[in-house]
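Participant: with the input below, show me the fold.
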Amino acid sequence: MNIQLNKGKSIGKVLYIVEGGKTEPNILYSIFVKIFDYQFERILRDKGYHKYNSKDNPYSQVFVINAEESNIKNIAKDNQFLDHLFVELIENYNFDVDNSAIYYIFDRDNQSNTDTKFIESMISLLTNSRDNRGYERQGLLLLSYPAIESFILSCSQQESFQKKFDTGNSLKQYLYECKTDYKKITEEVLIQAVNELFLALKEMGVKELDTDDFARQNQEIYQYEEGVYGREKVYQTLSLLCISLLDLGLVEVATYS
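Facilitator: Now for the predicted structure:
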């Protein structure tokens, strides 16, 4: 599989709403600043606003916000915290939320995000980063099984999908023992992570990838992982973070079958 990074591409306004206040923002910083060299801004709980790598480029702006609490229900359409933040982005930071690509990055850890009906409903509604017809908020929901650290594992180990963990804490402990973290993310390992994603999708039987309407594939992935958990009480490690990079055109894959 031929995988290439499309550095220098104009990506417009991009907003990541993430669960955690440390690992996810640090991963995204490593990707968008250290690899792609974009302007990067973030608002984190108890830490406020900060801008990194300031660029005079109105055509590419990456913003990261972490949710009010580490719970997927924070992305509900009637969530006042997010509504207020969106207004703040528009009024204080000149960030046009309505015309941005939005990605919701959350964990599928059965100990923290336990409302399966809500998760399934969001998978069916949040299917396109820029326009969800019939739903008042755009955005693409991208889960990690069991946690975002699955992305780090896919950067550092081949066949990472074969590893299984019951919780995010178990996966974090494993990464600690392996002495690997987000600081080791480079162009080379990012390409490996994309390749690991496609290997996992192939094993799960996901035969095509459509980021314009990701509902069906997202549901297939979710049902596969829930099946594994139902049988074994563990998840196969998988993060869908790279889907956002594919959707933005920052990663190009020559063949997928």
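
Participant: isn't residue 62 right up against residue 14?
Facilitator: Yes - under the criterion of CB atoms under 8 Å, residue 62 makes contact with residue 14 at 4.8 Å. No exception for glycine: its C-beta is placed from N, CA and C like everyone else's.

Participant: now do the strands in the stretch 101-250 of the chain.
Facilitator: Secondary structure of the stretch 101-250 of the chain (DSSP state E, counting those that start in this stretch): strands at 101-107, 127-128, 139-145, 164-165, 235-236, 238-239.

Participant: neighbouring contacts of the first one?
Facilitator: The set of residues external to strand 101-107 that reach it, using CB atoms under 8 Å, 6 or more residues apart in numbering, is 11-19, 24, 72, 75, 113, 122, 126, 129-130, 137-148, 168, 241, 244, 247-248.

Participant: can you say which of those residues are buried?
Facilitator: 11, 13-19, 24, 72, 75, 113, 122, 126, 129-130, 137-148, 168, 241, 244, 247-248 (16 or more other CB atoms under 10 Å).

Participant: could you dump the least confident helix or strand in the chain by mean pLDDT to PDB, C-alpha only?
Facilitator: Ranked by mean pLDDT, DSSP states H and E, the helix or strand of the chain with the weakest confidence is helix 80-93, at a mean of 87. Below are the C-alpha coordinates for helix 80-93, written out as PDB (Å, rounded to 0.1, in the frame of the first residue of the first chain):
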ATOM      1  CA  GLN A  80     -24.300  24.200  26.900                       C
ATOM      2  CA  PHE A  81     -20.600  24.000  27.400                       C
ATOM      3  CA  LEU A  82     -19.900  23.400  23.700                       C
ATOM      4  CA  ASP A  83     -22.500  25.900  22.600                       C
ATOM      5  CA  HIS A  84     -20.800  28.600  24.700                       C
ATOM      6  CA  LEU A  85     -17.300  27.600  23.400                       C
ATOM      7  CA  PHE A  86     -18.500  27.800  19.800                       C
ATOM      8  CA  VAL A  87     -19.700  31.300  20.400                       C
ATOM      9  CA  GLU A  88     -16.300  32.100  22.100                       C
ATOM     10  CA  LEU A  89     -14.400  30.800  19.100                       C
ATOM     11  CA  ILE A  90     -16.400  32.900  16.700                       C
ATOM     12  CA  GLU A  91     -16.400  36.100  18.700                       C
ATOM     13  CA  ASN A  92     -12.900  36.000  20.300                       C
ATOM     14  CA  TYR A  93     -10.700  34.000  18.000                       C
END
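
Participant: check which helices and strands it sits against.
Facilitator: For helix 80-93, the packing partners by 3 or more CB pairs under 8 Å, 6 or more residues apart in numbering; DSSP states H and E come out as strand 40-44, strand 60-66.

Participant: run through who's touching that helix.
Facilitator: 15, 17, 41, 43, 49, 63, 65, 67-68, 74-75, 95-97.

Participant: any chance of TSV for the residues you listed, columns distance to residue 211?
Facilitator: Formatted as TSV, these follow (distance: CB to CB, whole Å):
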residue	distance to residue 211
15	16
17	17
41	24
43	26
49	29
63	20
65	21
67	22
68	27
74	23
75	18
95	22
96	21
97	20
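
Participant: how long is stretch 51-58 end to end?
Facilitator: 15 Å (CA to CA, to the nearest Å).

Participant: tell me where the chain has helices.
Facilitator: Here the chain has its helices, by DSSP state H, at 23-29, 80-93, 116-125, 149-156, 168-178, 187-204, 215-232, 241-247.

Participant: what's the most buried one of those helices?
Facilitator: helix 149-156 (a mean of 26; mean count of other CB atoms under 10 Å).

Participant: can you tell me how far the nearest residue to residue 211 once chain neighbours are set aside is from residue 212?
Facilitator: Nearest non-adjacent residue to residue 211, counting by CB to CB, 6 or more residues apart in numbering: residue 247, 4.0 Å away. In this view, residue 247 and residue 212 are 8 Å apart by CB to CB, to the nearest Å.

Participant: in a markdown table: the helices and strands packed on helix 80-93, plus mean pLDDT and distance to residue 197.
Facilitator: What follows is those, written out as a markdown table (pLDDT from 0 to 100; distance: least, CB to CB, whole Å):
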| stretch | mean pLDDT | distance to residue 197 |
| --- | --- | --- |
| strand 40-44 | 93 | 23 |
| strand 60-66 | 92 | 20 |
